[in-house]
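**Q** Generate coordinates for the sequence data below:
(one chain, ligands or ions: 2)
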Amino acid sequence: MSGNPQRKYRADYAVPAYLVDTVDLDFDIRDDHTTVRAVYAVRRNPESTATQQWQLDGREMRLVSVAIDDRELAENEYELRDDALLINNPPEQFTLTIENSIDPEHNLSLEGFYRSGDILCSQCEANGFSRITYFPDRPDVMARYTTRISADAKRYPVLLANGNCVDSGALDGGRHYAVFEDPFDKPCYLFAIVAGDLGMIRDSYTTGSGRNVDLRLYTEHGNEDQCDHAMASLKQAMAWDEDTYGLEYDLDSYVTVAVGSFNMGAMENKGLNVFNTACIFARADTATDADFALVRDVVAHEYFHNYTGNRVTCRDWFQLSLKEGLTVYREHQFAIDQGSPGVTRIRQVRTMREIQFPEDGGPRAHPVRPESYVEMNNFYTITVYEKGAEVIHMIAQMAGRDAFIEAVCHYLDKHDGQAVTIEDFAVAMEESTGLDLGQFRRWYAQAGTPRVRVATSFDDGQLALTLSQHTPATPGQSDKVDFDIPVEIALFDGEGQPAREPEVLRLTETQQTWTFDGFSTEPTVSALRGFTAPVRLEYEQSDAALARLMAHDSDPVCRWDAAQALYLKTLVADVAARRESAAPVEAPGLLFDAIATLLDDPPQDRELLAEMLTLPSEAMIGEQFDAIDVFAIDAARTALKQAIAHRFAARFESLADDHAARDAYAFNVEEAGRRRVFALALDYLAAIDAPGIAARAASLYDAADNMTDRMAALETLRDMDDPERDRVLDDFAQVWADYPLVMDKWLRLQAMTRRDDSVERVRTLLADERFDFTNPNRIRALLGGFARGNRPGFHRADGAGHALVADEILRLDALNPQLAAALAGILAPWRRHVASQADGMYAALERLSAAELSDNTREIVDAGLER
Ligand code: 0A1
Ligand code: ZN
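**A** Residues are numbered from 1 along each chain as shown. Ligands and ions are numbered 1, 2, ... in the order given. Prediction:
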């Protein structure tokens, strides 16, 4: 907490005053504290004009001594602040030695050096290193690190740090030590240290040029058998990066440590990744297909950072998307290459529309390259990550795949070992591809989701297609300029056959028209194929045209999107009617015909079938309105689901029969697709309480050999008032009591249960011994599951849901401000809701604002309350 949070501006960048060439760290781990001795080889930066004091960042530690060239400094030679150590008039070149003491046992912030269960581990991005020792905690100070660790040999038999272990041995008093050298220069945010009594699985990988890489994955003992999928995924990612980009791993070992308490998914520390167990553990009986995919993709993401992030890093944190946008893009392409490309892309599109677009339309909208921040940890956002990846995706499309890959290699060669900017990346892209990205760069600078309107007219065999763009104002950016927007289109004839090859139109002005000749009848337009740009398409297509695209479009994304647009038409009209207490709007016959056609002639890819039969999420429906009414949306969505379920009950019964499990669990496209369709059929049948559905779900639960089917059964039963529901939930809690990540599924299911007393039930669970307030995964499951996954409960009319979340934010903020701020982000967009829901959110924000808050949470709350 600081009473006076400092806002930092991108425009204020200044080069570091001093450079550090080498960092020698010595960690002496004791039961009640850890002493850190740091030795730096420092020299003045010839490019800096700064004089007098040199600032090293540091907080939450006790300084023992500071020396220059082995001479201890007197108190008047430096200044010690809460958050920094300032050295007065340092020489041109010197050795700085600092000794300080830290307390990992009581560090609940999960930044710096902290304990997670039996493991001591570190998290330094973005500014955690300054909780370990005094150092210029900024990514453009890159050094070569040597790390020595000593600790009790029994309690901490495994000692790890970045790079190669060059020495180790026994010490007196039952202690031991190990020394690590990392041969690559790195910023301090990529530093990592781990100590613990750990289990391990081991494998190896031989790179294309014959380097043998030792692969090790550590976890707390007893979990080793949940790590095989992560290890296999790592090897897939290593091979993919060689095959696709020609990038080989550059160290002799690649070590991963999975810890139970982690604020994010994982961290790409050089050669020593630290992961949330939720992104490593995957065994058929404990993890769902979605978990298996998550593990695969996060493991790949961290591996890809070794080049895009580590070998070439960011100059400052405003450039975060330089590494994250590019790495998420690489992860996306990797995932697409693992099978089911259409559905994988659809999921990426859904993330943009359901999570990123709302961020871009709310109080926290910011450009992919933000201009200012108070707390950097608040900017690990869906905008920086996913929208950043979509910006790269656009460049890749404009360049073409091969030219894009060549350009990335040029960028990595040109800037190897450097800390650079998004502008440096754009220049490298232009140099290599010959593209002109002048106007395109606005994607990095301007916040908000552009709306692209499509209008057509047909006359005398000619189609005129007009695209226009408009970007709504966002906080601090009221006037928007035109983006450079690639929009891929294709044209289909009345039978749904291609009438024109797909083509990319570049909309660079406010409005442009293209004409297409030679048609006997008006063609159907398929627009924004593959989601060529992160924009909102506004195109009023007829039901008949949508049904045609839904049946025939060769692009799975547009095929799915046509189905979504058809559903949305009914849903939006129905929500509006319910808001006005008018008679509910029923779906048109054409929608049922389109579903019948889909069921008669389903796509090969069963996951695509399931996606196409899944109604737009509540978030997606909400995006269609200026003022979101959670209850009207919930009612309309339920009504449409029931209407479809009634109409096709027999078809869903037979889909469920046809797609029931036959063989033992395997994670692959074919089998995961089968399970998806099966779960979807049960979900529709549950919506109308079809005869025997509860018993069917309960017996599926009892017989299932895997977590995906078991969760499908539980989700089917979740909202039912049936003794079987409570029986299987209790059974689940007993069977999986020793598996915290599985118990998170149990917590989440209950938080999401739609009941009038869900607020009270969440309060009871908060006090349950199976809940742990210091663990982020538990909190995300229970409070995140409630606030995001149970909108009617969270927005309950008396404001009790908002109040509950505010209470917990206040409690959490003192321990883990990062996570508290993330939860506060759910309350911030109150202006997007109808008054009856906005009032409770606003009251909760006001109450937060009146309390003493961390800088993290303060920044979010202030943004929410700002006029
Ligand atoms: N760089 C990581 C994300 C990350 C960021 C901050 C953290 O601190 C709690 C942890 C992880 C990634 O992109 O995977
Ligand atoms: Zn990342």
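
**Q** What's the per-residue pLDDT of residue 3 here?
**A** The model reports residue 3 with a pLDDT of 58.

**Q** what residue lies at the spatial centre of the chain?
**A** What sits nearest the mean C-alpha location of the chain, by CA atoms, centre = their mean, is residue 382, with 6.2 Å.

**Q** shaky segments in the chain?
**A** Along the chain, segments meeting pLDDT under 70 span 1-3.

**Q** Next, the residue of the stretch 751-867 of the chain found nearest ligand 2: secondary structure please.
**A** Residue nearest to ligand 2 within the stretch 751-867 of the chain: residue 818 (15.8 Å; CB to the ion). The way it works is simple: take the backbone N, C-alpha and C, and place the C-beta from them, glycine included. Using DSSP: H, G, I helix; E, B strand; the rest coil, the secondary structure recorded for residue 818 is helix.

**Q** Tally up the residues packed near it, please.
**A** Using other CB atoms under 10 Å, residue 818 has 22 neighbouring residues.

**Q** Could you do the one 5 residues further on as well?
**A** Using other CB under 10 Å, the number of residues around residue 823 comes to 22.

**Q** quick one: it is in a helix?
**A** Yes - counting by three-state DSSP, residue 823 is found in a helix.

**Q** so who does it touch?
**A** Residues near residue 823 by CB atoms under 8 Å, 6 or more residues apart in numbering: 779, 783-784, 787, 805, 808-809, 812.

**Q** so which of the residues you listed is the most crowded?
**A** In these, the most neighbours by other CB under 10 Å go to residue 809, 28 neighbours.

**Q** In terms of helices and strands, where is that residue?
**A** Assessed by DSSP states H and E, residue 809 sits inside helix 800-813.

**Q** For that helix, output the C-alpha coordinates as CSV.
**A** Provided in CSV are the C-alpha atoms of helix 800-813 (Å, rounded to 0.1, in the frame of the first residue of the first chain):
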residue,chain,number,x,y,z
ALA,A,800,-25.9,-9.2,-2.1
GLY,A,801,-23.8,-10.8,-4.8
HIS,A,802,-21.9,-7.6,-5.5
ALA,A,803,-21.4,-7.1,-1.7
LEU,A,804,-20.1,-10.6,-1.2
VAL,A,805,-17.4,-10.1,-3.9
ALA,A,806,-16.5,-6.6,-2.5
ASP,A,807,-16.1,-8.1,1.0
GLU,A,808,-13.7,-10.7,-0.3
ILE,A,809,-11.8,-8.2,-2.4
LEU,A,810,-11.2,-6.2,0.8
ARG,A,811,-10.0,-9.3,2.7
LEU,A,812,-7.8,-10.5,-0.2
ASP,A,813,-6.2,-7.1,-1.0
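
**Q** buried stuff in it?
**A** For helix 800-813, the neighbour count (16 or more other CB atoms under 10 Å) marks 800-806, 808-810, 812-813 as buried.

**Q** Which single one of the residues you listed is nearest to residue 255?
**A** Distances from these to residue 255 were compared by CB to CB; the smallest belongs to residue 812, at 31.1 Å.

**Q** Just give the number of residues close to the residue nearest to that closest one when sequence neighbours are not counted.
**A** Sequence neighbours aside, residue 820 is the residue nearest to residue 812 in space, at 4.3 Å (criterion: CB to CB, 6 or more residues apart in numbering). Using other CB under 10 Å, the number of residues around residue 820 comes to 24.

**Q** can I get the contacts of residue 823 in a markdown table with distance to residue 104?
**A** Formatted as a markdown table, the contacts of residue 823 follow (distance: CB to CB, whole Å):
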| residue | distance to residue 104 |
| --- | --- |
| 779 | 21 |
| 783 | 26 |
| 784 | 26 |
| 787 | 31 |
| 805 | 30 |
| 808 | 25 |
| 809 | 25 |
| 812 | 20 |
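
**Q** of all those, which two lie farthest apart?
**A** Pairwise over the contacts of residue 823, using CB to CB, the maximum falls at 787 and 812, 12.8 Å.

**Q** What residues does the chain have near ligand 2?
**A** Within reach of ligand 2 by CB under 5 Å from the ion, the chain has these residues: 324, 327.

**Q** Name the single longest helix found in the chain.
**A** helix 556-579 (DSSP state H).

**Q** just how off-centre is it within its chain?
**A** The chain centre lies 26 Å from the centre of helix 556-579; the measure is CA atoms, centre = their mean, to the nearest Å.

**Q** Let's see it as PDB, backbone CA atoms only.
**A** Provided in PDB are the C-alpha atoms of helix 556-579 (Å, rounded to 0.1, in the frame of the first residue of the first chain):
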ATOM      1  CA  PRO A 556     -15.600 -23.200 -40.500                       C
ATOM      2  CA  VAL A 557     -15.400 -19.900 -38.600                       C
ATOM      3  CA  CYS A 558     -18.000 -18.200 -40.900                       C
ATOM      4  CA  ARG A 559     -20.200 -21.400 -40.900                       C
ATOM      5  CA  TRP A 560     -20.300 -21.300 -37.100                       C
ATOM      6  CA  ASP A 561     -20.700 -17.500 -37.100                       C
ATOM      7  CA  ALA A 562     -23.700 -17.700 -39.400                       C
ATOM      8  CA  ALA A 563     -25.300 -20.100 -36.900                       C
ATOM      9  CA  GLN A 564     -24.400 -17.700 -34.100                       C
ATOM     10  CA  ALA A 565     -25.900 -14.800 -36.000                       C
ATOM     11  CA  LEU A 566     -29.100 -16.700 -36.600                       C
ATOM     12  CA  TYR A 567     -29.400 -17.500 -32.900                       C
ATOM     13  CA  LEU A 568     -28.500 -14.000 -31.900                       C
ATOM     14  CA  LYS A 569     -31.300 -12.500 -34.000                       C
ATOM     15  CA  THR A 570     -33.900 -14.300 -32.000                       C
ATOM     16  CA  LEU A 571     -32.100 -13.800 -28.700                       C
ATOM     17  CA  VAL A 572     -31.700 -10.100 -29.100                       C
ATOM     18  CA  ALA A 573     -35.300  -9.600 -30.100                       C
ATOM     19  CA  ASP A 574     -36.500 -11.700 -27.200                       C
ATOM     20  CA  VAL A 575     -34.300  -9.900 -24.600                       C
ATOM     21  CA  ALA A 576     -35.700  -6.600 -25.900                       C
ATOM     22  CA  ALA A 577     -39.200  -7.900 -25.600                       C
ATOM     23  CA  ARG A 578     -38.700  -9.200 -22.100                       C
ATOM     24  CA  ARG A 579     -37.200  -5.900 -21.100                       C
END
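
**Q** Packing partners of it?
**A** Packing contacts for helix 556-579, counted by 3 or more CB pairs under 8 Å, 6 or more residues apart in numbering; DSSP states H and E, involve helix 341-351, helix 543-552, helix 589-600, helix 606-613, helix 618-622, helix 630-647.

**Q** Between the two ends of stretch 447-464, how far is it?
**A** Using CA to CA, to the nearest Å, one end of stretch 447-464 lies 30 Å from the other.

**Q** Could you list the buried residues of that stretch?
**A** Under the neighbour-count criterion of 16+ other CB under 10 Å, stretch 447-464 has 447-450, 452, 454, 456, 463 buried.
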